[in-house]
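Engineer: Only the shape, not the letters, is given here:
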């Protein structure tokens with residue numbers, strides 16, 4: 001059983017109800033302390049793919065590392081009916097950074113294991129939806145790569161890490177059942193803190209978050225703009241399911257905009273079903289998407305000055321008729 005985190009922002013009344021829960025705000029504070037300590041001692045701080053080597057690992061899939069900066073694009077290709085296209089060759093892809101063609105150093109279409117976080121809205125409005133959402137989340141894990149490592153975060157006005165990384169289904173089920181549906185929606189904080197957790201604990205190079213929520217953020221300290229900027233500095237891919245209410249269209253529109261903004265920055269996808277009954281089919285589609293992506297990686301042939309770099313992937317030849325999805329750019333450190 002996990003010991004409670006005694007961070008300065010811990011909600012102690014909820015800690016007493018759920019003594020094994022870890023409040024993610026403390027995780028964020030602790031991560032910051034680790035970074036400061038490393039900087040003070042002169043230990044090198046690498047950017048998103050610096051100081052690494054390239055190899056294949058039979059147990060954990062492709063390991064992407066390079067001695068020089070390597071930009072990695074997890075790329076999905078779909079036909080007009082949104083069916084996955086998984087048989088393209090390297091010569092079907094052209095990659096551009098700031099409109100300058102880039103030479104691929106890595107091209108793979110492999111079902112590699114991922115470090116995966118499932119973030120589920122636990123606010124009061126989700127109470128009647130959680131049973132179906134939980135069942136869909138478990139089936140999503142079952143449909144994913146069996147070597148994936150998965151963690152569960154439940155969030156309302158606070159975010160709680162209810163299951164740390166595991167591949168054990170009963171433990172994941174237990175985490176999903178930590179239902180305390182009340183309070184607001186701290187979506188941005190939950191994503192930001194999950195990124196902290198991935199940075200500190202993830203064993204896989206490919207990292208993914210799946211979010212299920214039914215409302216706009218109304219409780220985060222992190223702003224949407226700061227979150228998107230941070231996402232553009234990582235390679236994490238985000239998928240989101242928005243169960244928006246038709247009763248408050250203004251609120252639903254705001255939530256829709258924010259969710260689309262978040263996933264677009266990462267090359268993920270957003271889904272807005274009319275009913276919770278559709279969530280199962282959506283999560284199965286997401287599982288297939290994650291397992292069917294192309295991995296494209298290159299060393300930039302453009303300026304190394306800090307700033308945002310626009311990235312574009314084009315399909316050539318007969319593949320031109322397909323749609324391609326990837327992150328639109330990244331921040332160079």
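Structural biologist: Now that the structure is in, tell me what you want to look at. All of these numbers come straight from a predicted model, not from anything done at the bench.

Engineer: For this structure, which residue occupies the most central location?
Structural biologist: Nearest residue to the geometric centre of the chain (Cα atoms, centre = their mean): residue 209, 2.7 Å.

Engineer: Contact partners for it?
Structural biologist: Each residue near residue 209 by Cβ atoms under 8 Å, 6 or more residues apart in numbering is listed here: 116, 117, 118, 119, 191, 194, 236, 237, 238, 239. Glycine gets a C-beta too; all of them are placed from N, C-alpha and C.

Engineer: Kindly report the same for residue 291.
Structural biologist: Neighbours of residue 291 in contact, by Cβ under 8 Å, 6+ apart: 111, 144, 145.

Engineer: could the residues you listed be laid out in a markdown table, adding neighbour count and secondary structure?
Structural biologist: Output for the contacts of residue 291, formatted as a markdown table (neighbours: other Cβ atoms under 10 Å; DSSP: H, G, I helix; E, B strand; the rest coil):
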| residue | neighbour count | secondary structure |
| --- | --- | --- |
| 111 | 15 | coil |
| 144 | 24 | coil |
| 145 | 19 | coil |
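
Engineer: Considering the residues you listed, which is situated nearest to residue 103?
Structural biologist: residue 111 (25.4 Å; Cβ to Cβ).

Engineer: From what I see, that closest one and residue 146 are in contact.
Structural biologist: No: taking contacts as Cβ atoms under 8 Å, residue 111 lies outside contact range of residue 146: 10.3 Å.

Engineer: Might you list the low-confidence residue ranges for the stretch 1-150 of the chain?
Structural biologist: Applying pLDDT under 70 to the stretch 1-150 of the chain flags residues 1-68.

Engineer: Do a quick rundown of the helices in it.
Structural biologist: Secondary structure of the stretch 1-150 of the chain (DSSP state H, counting those that start in this stretch): helices located at 12-17, 24-40, 130-143.

Engineer: which residues of the stretch 1-150 of the chain fall in strands?
Structural biologist: 22-23, 55-57, 61-63, 71-78, 93-97, 100-102, 104-109, 115-121, 149-155 (DSSP state E, counting those that start in this stretch).

Engineer: Adding distance to residue 263 and mean neighbour count, write those strands out as TSV.
Structural biologist: Output for those, formatted as TSV (distance: least, Cβ to Cβ, whole Å; neighbours: other Cβ atoms under 10 Å):
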stretch	distance to residue 263	mean neighbour count
strand 22-23	26	23
strand 55-57	29	10
strand 61-63	23	18
strand 71-78	12	22
strand 93-97	21	18
strand 100-102	24	15
strand 104-109	22	16
strand 115-121	13	25
strand 149-155	17	25
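
Engineer: Ok, which of those strands comes nearest residue 282?
Structural biologist: When these are compared by Cβ to Cβ, strand 115-121 sits nearest residue 282, at 13.2 Å.

Engineer: Which secondary structure element is home to residue 286?
Structural biologist: For residue 286, the enclosing helix or strand under DSSP states H and E is helix 279-291.

Engineer: what angle sits between that helix and helix 130-143?
Structural biologist: Angle, helix 279-291 to helix 130-143, by axes from the mean of the first three to the mean of the last three Cα atoms, to 10 degrees: 30 degrees.

Engineer: so for helix 279-291, what's the average pLDDT?
Structural biologist: Here helix 279-291 scores 98 as its mean pLDDT.

Engineer: And stretch 215-235, by the same measure?
Structural biologist: In the prediction, stretch 215-235 has an average pLDDT of 96.

Engineer: Any buried residues in that stretch, and which?
Structural biologist: If you call a residue buried by 16 or more other Cβ atoms under 10 Å, then stretch 215-235 has these buried ones: 215-217, 219-220, 222, 224, 227-228, 230-232, 234-235.

Engineer: okay, these in a markdown table with distance to residue 313 and secondary structure next?
Structural biologist: Formatted as a markdown table, these follow (distance: Cβ to Cβ, whole Å; DSSP: H, G, I helix; E, B strand; the rest coil):
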| residue | distance to residue 313 | secondary structure |
| --- | --- | --- |
| 215 | 33 | coil |
| 216 | 31 | coil |
| 217 | 30 | coil |
| 219 | 36 | coil |
| 220 | 32 | coil |
| 222 | 29 | coil |
| 224 | 26 | helix |
| 227 | 24 | helix |
| 228 | 20 | helix |
| 230 | 23 | helix |
| 231 | 18 | helix |
| 232 | 16 | coil |
| 234 | 18 | coil |
| 235 | 15 | coil |
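
Engineer: Thanks again, I'm all set now.
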